[in-house]
Every structure is written in structure tokens, then in C-alpha cells.
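> Here is a sequence with its predicted model. Questions after.
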Amino acid sequence: MTENPSPPLWIYDTTLRDGTQREGLSVSIEDKLRIARRLDQLGIPFIEGGWPGANPKDVQFFWQLQEDPLKNAEIVAFCSTRRPNISVANEPMLQAILAAGTRWVTIFGKSWDLHVTEGLKTSLAENLAMIRDTIEYLRVSGRRVIYDAEHWFDGYKHNRDYALKTLEAAATAGAEWLVLCDTNGGTLPHEISQIVQDVVKANGAWGMGHGGGSALDGSPGLKHLPAWGMERISNSQFPMPNSQSPIPQIGIHTHNDSDTAVANALAAVMAGARMVQGTINGYGERCGNANLCSLIPNLQLKLGYSCIEEKQLSQITEASRFVSEVVNLAPDEHAPFVGRSAFAHKGGIHVSAVERNPLTYEHIQPEQIGNRRRIVISEQAGLSNVLAKARSFGIELDKQNPQARQILQRLKDLESEGYQFEAAEASFELLMREGLGKRPLFFEIKGFQVHCDLVEGKETTSALATVKVTVNGKDILEAAEGNGPVAALDAALRKALVNFYPQIAAFELTDYKVRILNGHTGTAAKTRVLVESRNSHQRWTTVGVSTNILEASYHAVVEGLEYGLLLHSKAEVALNASS
Ligand SMILES: CC(=O)SCCNC(=O)CCNC(=O)[C@H](O)C(C)(C)COP(=O)(O)OP(=O)(O)OC[C@H]1O[C@@H](n2cnc3c(N)ncnc32)[C@H](O)[C@@H]1OP(=O)(O)O
Ligand SMILES: CC(=O)C(=O)O
């Protein structure tokens, strides 16, 4: 953390616009509203909501926010400049962006001469006029303007002078922010750094935006604006650091095609950019945009910028998971900062050191961003992993206790046979309790049989399982049917046990995963089965391994029921202790 905080930095979220350009991501209006309100709570100052006029959903989204606005954030509508050879007044897209009723609008325009002549099929002069006319029109209409310079870095590399003219056109027309976009995501951090520094210098030299005139093309700038337009602009309450300044500020918008979007945005900030655009979880066109869940912690915790409040920063992990839930994409478990594994320690050497001082293997404190440290148990473990896990299970275990090393050895032996405990911590707790003589005996299985019926021509297979179980010295024989052998076995076991343990009625088998471990040995291959179970408030996973898939499933299912009973008895003990 730096001693003297740097100047303010503005975060601009484009999850609802560029984020939705990701293949496979689609959101309803309700989803967009939920995300916008969550980002508002997170303290993001600018939230780009979409492109009104591009589709009915985005039009309605802005209407709904007019009815029930966000609490703090500025919702921003996005659009392109007017098309070539058409007047701003006749451009329906600009009428739509005005109808969105936002105080701020973002306009993107072309910086790269190739795009002007090949993409837009127009002249370089007309492109400058498109940028200028559009921004002036929006300013006259009372809007504050952010200008996104599309393909800025590629344009700059091919024709620096022309690229700078496009920015100057935007600045002199009244844009308050000039956002440099690495649209194709091909630029590397050292280039970003040099180019942003050059623009910051050129921007200072122009010094004529917001009512000045253009030295390059002699446009009148905003001096001719009607008084009502200027009044609405200056009445805006949004506390922009540069709202009274004649010089627009620089922003950055990066894409992740070179896997450097976050690094590029950081390089731009260090070179003078004061607005950072990105998306939650890095969603975006092709390989995505700069990930705000990494950028904000880096900017705030390492570079000392104040982007959102500390309390809000501690909610960023939850916000990341909320957004992935709403857009229906599985969260990236290995995402930096907010991923489930971001602070998971597996290697014994790491765990041993982290237990002594977390700084040894953690770059920040996970709690600062609302994540948490996890110790993973596997064949890579050392004694420290076992002790840490024991603590998390509520078991006192001392390093000097020879049973601790025996448990570690048993863990390593079983993993070499194909078990995997990192995903099945419930089975590991049972194994540890076994080693310590603390595994309660809820029931004993004396035997089981499963019979499957596959009738030619019939669509479904039916299965019948019988189990013999002893509980408290009493033998029970039960049978149950299911649409497969594992379901039938699970049902028969529950039937046998539920009279003794009514809590079993609330257990549910929620997931069943099978992995063939050494497939090249054909039917002699081992099978690993992971079973996920849950009760009304917890989930747990158990594992079974065997050359017989049914036997592997049986072990995992039985341990699933046993662990559920263990959780219940632990909860009862805790309740009795507190009352
Ligand atoms: C870098 C970015 O991410 S920019 C945002 C990109 N996002 C999107 O494209 C999503 C929303 N887009 C859409 O819904 C549609 O593309 C629309 C409604 C905008 C346009 O649809 P259409 O009129 O059918 O045009 P189409 O999509 O085929 O082509 C884009 C048009 O925009 C023009 N255009 C592209 N950039 C600009 C610009 N900066 N200023 C003005 N016009 C532009 C193209 O030249 C082309 O015009 P043409 O059809 O007259 O040749
Ligand atoms: C504007 C934008 O999204 C881009 O240039 O990437």
C-alpha cells in the first residue's frame, strides 16, 4: 500500500453492455436490473446499461430505471457516433439514446484510419465530423459525454496524427472523458504505458475542450451552445473531479485477447488514466474485458487508489458470485482474488508456512475482498494440512501425536489407490475419526444385493436393492426399488435407517460423479465415485473407489448417510452446550 493516496480513480462497469457481448451469455431485463442494483450497492460510480435503440430489451431497461433509479451510481447509455452523411437530428440511434434519459452517455467512434475507409467506407474528414457533431448534439441536449475511442491503440500505431485528431475532435466537442480502447486486445502493457503517456501530454497541450475551439479543424467547439444546454450540464450533481476543468480526462478500456487486459489497465492508470472500464468476472466479447474483480483489489490494495469503500471491497467476492449466478455461468473457481481456490493451499510446505504466518503464501488477506483461506487435503499434504483440517472439524490433534502421522500415511496410501479427498472432505473427516477412534457407529451394513431388470424394448431400467443393516444391536432387512441401482440402494438404506434416525428423511443425494481411473485396463479399471449429499442447510461430499462401480457407489452413498448423521449429532452437541 502506498503512503500517499493517488488521485481519485473512476470505475466504469460495462458488464451489462460489453459483458453481454460474450458468447453464451444472455440476460433478461430483470437480470440486468438485478445486476445493476448489485453493482450500485458495490459502489461502482458508472454503470453502462446497454445500447438503447439496438434492441427492445435495452430500451426498456432504461425506461424501468427512469421509474426506479439507482441509489448512487450513474447509469450510462451507450451508442455509436452518427452514421456517415446523415445529420444528427435524423439519426434514430441518437434519438433513442436521448430517450433513455440518462445524465451521462458514452459514444464510441473510430480512431483507426483503416476502420474509417474500410469499415465505415467514408472519408477521414467525415469521421471527424461524425465524432464532433454527435458529441456537440448530445451536449446541447444536456448530456455529459464519455468518448470511447474504439481501436485507439491500433489506430495510434498505424497513424498517430489522425488518431490524435479524432480525440481532439471529441475533446473540443465537449467530451469530458476520452477513453482509449484496446478493442482487439492485442496491445501489451509496455505499449499501453508509452501510448497513454503520449496522449496525456497531447491532451494537456490541446487545453481547449468544453467550449473552446479546435486548433486542428477550426470548429467552434461549444461556444455556440444555447444557454439551456450549458445550464443543464453545469447543474448536474455528479461530483466529477474534472467537471469544471477545460481538459477532459483519460480513461482505459481493455480486452483480454493477449491475456493482459488487467495488466494493460493497470499500466494505463500508472501512465495517467483516471477512468478504468471493465466487467465483473471479465465477461466480454471474445476472450473478455478487463476483470473488475481483479482490477479493483489491485488498484485499491496495491496501488493505493480509492475506488470503492473498504466495506464494499469486502463484498466483491460475493458480488462476483452473484453476477455469475444471475447470468447462469459457473464461477471460475481459480479466478484470482474471488475464486474459491484463490486462497486454497494444497502443498504441505505451503500449509505449514501459512499456518505460521499467512503472508508467506498469500499476496493479500482474503477477508479484505470477502474471500476465505482454505486448506486442501490430498497426497500433496503434510502434517500441517492434517492438523489444520482436524481443527476445522473441531478435533484437537497435536503434531506429536503419532496418530496424526498415521492418518497422513493412510491418506497418501488411499490417494495412490485412486481416492481423492480434496473434493470429498466428509470422507476424510470419517477417515480421521476412524484413525483416532472417534468415528461413531451409527449403523453396520451386513450386506446388500442389487438386481437390475433391463427388458429389451422397454425404455427404462428398473432396479431392486435389498440391504441388511444392524442398528443398536437390531437387524433390519429392507428392500426398495429405483430407476437405477444406486438410487435403489440409497432408497433401501434410508428405509432401513429412518425409524432410528428420522433426520435422514431430510437428506438428499444431489450429485453423483463417476471417473474411470485406469481406463486402459478395460473392465479391470478402477472407478472413483463422488457423491454429494445435503440436508436443509449443508452440503457434503463422500468418495468410494473400487474395480466394481456398484461397490464404489455403495461406499460413497453409505458414507454420505453416515456423515449426515455425524453432522446432526455435532449440531445437537453444540445446541446442548449453548443452552
Ligand atoms: C467495440 C464495440 O464493442 S462497439 C459495440 C458493438 N456492439 C454491438 O454491435 C451490439 C449491438 N449492435 C446491434 O444491435 C446492431 O449491430 C446495430 C443495431 C447497432 C446496427 O445494426 P445494423 O444497422 O443492422 O448494422 P450492422 O450491424 O450490420 O452494421 C453496423 C453498422 O454500424 C456502422 N458503424 C460501425 N461503427 C460505427 C461508428 N463508430 N459510428 C457510426 N457507425 C458505425 C457500420 O459501418 C455499419 O453500418 P452500415 O450497415 O451502414 O454499413
Ligand atoms: C467500445 C468498446 O467496447 C471497445 O472499443 O472495445
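Everything's here; your move. Ligands and ions are numbered 1, 2, ... in the order given.

> okay, CA-based contacts and neighbour counts for the rest of this
Noted.

> Any figure for the gap between whichever residue of the stretch 1-150 of the chain sits closest to ligand 2 and Gln403?
Closest residue of the stretch 1-150 of the chain to ligand 2, Cα to the nearest ligand atom: Glu150 (3.8 Å). Going from Glu150 to Gln403 by Cα to Cα, to the nearest Å gives 64 Å.

> more neighbours, those two?
Between Glu150 and Gln403, counted using other Cα atoms under 10 Å, the more crowded position is Glu150 (23 against 16).

> what sits against the more buried one?
Glu150 is in contact with 108-112, 180-183, counting by Cα atoms under 8 Å, 6 or more residues apart in numbering.

> Which of the three states applies to Thr510?
Assigned by DSSP: H, G, I helix; E, B strand; the rest coil, the conformation of Thr510 is strand.

> Could you tell me what pLDDT the model assigned to it?
pLDDT, Thr510: 94.

> show me where the stretch 401-550 of the chain has strands.
When assigned using DSSP state E, counting those that start in this stretch, the strands of the stretch 401-550 of the chain occupy the ranges 444-453, 462-471, 474-482, 508-516, 527-534, 539-546.

> how about these in JSON lines, adding distance to Arg83?
Below are those laid out as JSON lines (distance: least, Cα to Cα, whole Å):
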{"stretch": "strand 444-453", "distance to Arg83": "68"}
{"stretch": "strand 462-471", "distance to Arg83": "65"}
{"stretch": "strand 474-482", "distance to Arg83": "64"}
{"stretch": "strand 508-516", "distance to Arg83": "53"}
{"stretch": "strand 527-534", "distance to Arg83": "56"}
{"stretch": "strand 539-546", "distance to Arg83": "55"}
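
> which stretch among the ones you listed comes nearest Leu329?
If you check each of the strands of the stretch 401-550 of the chain against Leu329 by Cα to Cα, strand 508-516 wins as the nearest, at 18.3 Å.

> Could you tell me how far the closest one lies from the centre of the chain?
Centroid separation between strand 508-516 and its chain, computed with Cα atoms, centre = their mean, to the nearest Å, is 26 Å.

> what does stretch 249-268 give?
The answer for stretch 249-268 is 18 Å, by Cα atoms, centre = their mean.

> Tell me the buried residues in it?
249-257, 259-268 (16 or more other Cα atoms under 10 Å).

> what does that stretch contact?
Stretch 249-268 is contacted from outside by 176-190, 192-193, 196, 200, 242, 269, 272-278, 284, 286-291, 294-295, 299, using Cα under 8 Å, 6+ apart.

> now stretch 477-490
Stretch 477-490 is contacted from outside by 450-452, 460-469, 491-493, 495-496, 550, 553-554, 557, using Cα under 8 Å, 6+ apart.

> Would you mind listing which of those are buried?
Applying 16+ other Cα under 10 Å to those flags 450, 452, 462-469, 491-493, 495-496, 550, 553-554, 557 as buried.

> about what we covered before: kindly reformat the contacts of Glu150 as JSON lines containing distance to ligand 2, neighbour count and secondary structure.
Formatted as JSON lines, the contacts of Glu150 follow (distance: Cα to the nearest ligand atom, whole Å; neighbours: other Cα atoms under 10 Å; DSSP: H, G, I helix; E, B strand; the rest coil):
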{"residue": "Phe108", "distance to ligand 2": "6", "neighbour count": "21", "secondary structure": "strand"}
{"residue": "Gly109", "distance to ligand 2": "8", "neighbour count": "27", "secondary structure": "strand"}
{"residue": "Lys110", "distance to ligand 2": "9", "neighbour count": "26", "secondary structure": "strand"}
{"residue": "Ser111", "distance to ligand 2": "10", "neighbour count": "30", "secondary structure": "coil"}
{"residue": "Trp112", "distance to ligand 2": "11", "neighbour count": "25", "secondary structure": "coil"}
{"residue": "Leu180", "distance to ligand 2": "8", "neighbour count": "29", "secondary structure": "strand"}
{"residue": "Cys181", "distance to ligand 2": "5", "neighbour count": "22", "secondary structure": "strand"}
{"residue": "Asp182", "distance to ligand 2": "6", "neighbour count": "27", "secondary structure": "strand"}
{"residue": "Thr183", "distance to ligand 2": "4", "neighbour count": "20", "secondary structure": "coil"}
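
> Show me which of the residues you listed is closest to ligand 1.
Closest approach between the contacts of Glu150 and ligand 1, by Cα to the nearest ligand atom: Gly109, at 3.8 Å.

> check contacts around the closest one.
So Gly109 contacts 80-81, 131, 147-150 (Cα under 8 Å, 6+ apart).

> let's see 7 Å
Counting by Cα atoms under 7 Å, 6 or more residues apart in numbering, Gly109 touches 80-81, 131, 148-150.

> Could you do Leu454 as well?
So Leu454 contacts Thr461 (Cα under 7 Å, 6+ apart).

> so what's the backbone phi/psi at it?
Main-chain torsions, Leu454, degrees, to the nearest 10: phi -110, psi 110.

> how about the strands of the stretch 401-550 of the chain, which one is nearest Glu355?
With Cα to Cα, the closest approach to Glu355 among the strands of the stretch 401-550 of the chain belongs to strand 539-546: 24.6 Å.

> what's in contact with that closest one?
With contacts defined as Cα under 7 Å, 6+ apart, strand 539-546 is touched by 418-419, 423-427, 526-534, 552-553, 555-556, 559-560.

> Partner strands of it and their direction?
strand 527-534 (antiparallel) (DSSP bridges).

> Report the beta-bridge partners for the residue nearest to Ala491 when sequence neighbours are not counted.
Excluding the flanking residues, the one nearest Ala491 by Cα to Cα, 6 or more residues apart in numbering is Ala480, at 5.8 Å. With DSSP bridges applied, Ala480 shows beta-bridge pairing to Ala465.

> Is there a neighbour count for Ala480? I'd like the number.
Residues near Ala480, counting by other Cα under 10 Å: 20.

> Roughly how far does Glu191 sit from ligand 1?
20 Å (Cα to the nearest ligand atom, to the nearest Å).

> now do Lys438
Lys438 is 60 Å from ligand 1, by Cα to the nearest ligand atom.

> What is the neighbour count of that residue?
Lys438, neighbours per other Cα under 10 Å, totals 12.

> residues touching it, list them.
Listed by Cα under 7 Å, 6+ apart, the contact set of Lys438 is empty.
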